[in-house]
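> Here is the input, now give the coordinates:
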Amino acid sequence: MTLDQLAAIIESRKTADPDSSWTAKLLSKGPEKCAEKFGEEAIEAIIEAVKGDKERLTSEAADVIYHLLVMLTARDVCIDDVMQVLEDRQGTSGIAEKAARS
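This is a model prediction of the structure:
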């Protein structure tokens, strides 16, 4: 599955019944709850990265990506726009890019 496919599935759940879809349930609780859930999943991924459990980290990373897309969808941010920012940054040193934001 690609990020585009996952993003499209999440977008389609915006109008689904929250009783029949976890994604619809999250989205129905609003952007703040979606952001909170993303944060929880990110922390879980950090814990597994520190522990060094590759299998658990892989699973948590999948959760992080999913919840990131849910959070973006809750705020009507398109994954294509995020990917465009990454593309625009390509070829620029991360250090130089970060300094340019200041």
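> which helices and strands sit right next to whichever strand or helix holds Ala49?
Ala49 is part of helix 31-51 when elements are defined by DSSP states H and E. The contact analysis (3 or more C-beta pairs under 8 Å, 6 or more residues apart in numbering; DSSP states H and E) places helix 31-51 against helix 22-28, helix 54-74. Glycine gets a C-beta too; all of them are placed from N, C-alpha and C.
> export those helices to CSV and tack on distance to Ala45 and mean pLDDT?
Below are the helices and strands packed on helix 31-51 laid out as CSV (distance: least, C-beta to C-beta, whole Å; pLDDT from 0 to 100):
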stretch, distance to Ala45, mean pLDDT
helix 22-28, 18, 97
helix 54-74, 4, 98
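> Out of those helices, flag the one nearest Gln90.
Gln90 lies closest to helix 54-74 among the helices and strands packed on helix 31-51, at 19.9 Å (C-beta to C-beta).
> Mind checking what helix or strand follows the closest one in sequence?
helix 79-89.
> Around Thr15, how many other residues sit close by?
9 (other C-beta atoms under 10 Å).
> ok, back up a step: how far off centre is the helix holding Ala49?
10 Å (C-alpha atoms, centre = their mean, to the nearest Å).
> Pull the residues that contact that helix.
The contact list for helix 31-51, computed with C-beta atoms under 8 Å, 6 or more residues apart in numbering, reads 26-27, 56-57, 59-61, 63-64, 66-68, 70-71, 73-75.
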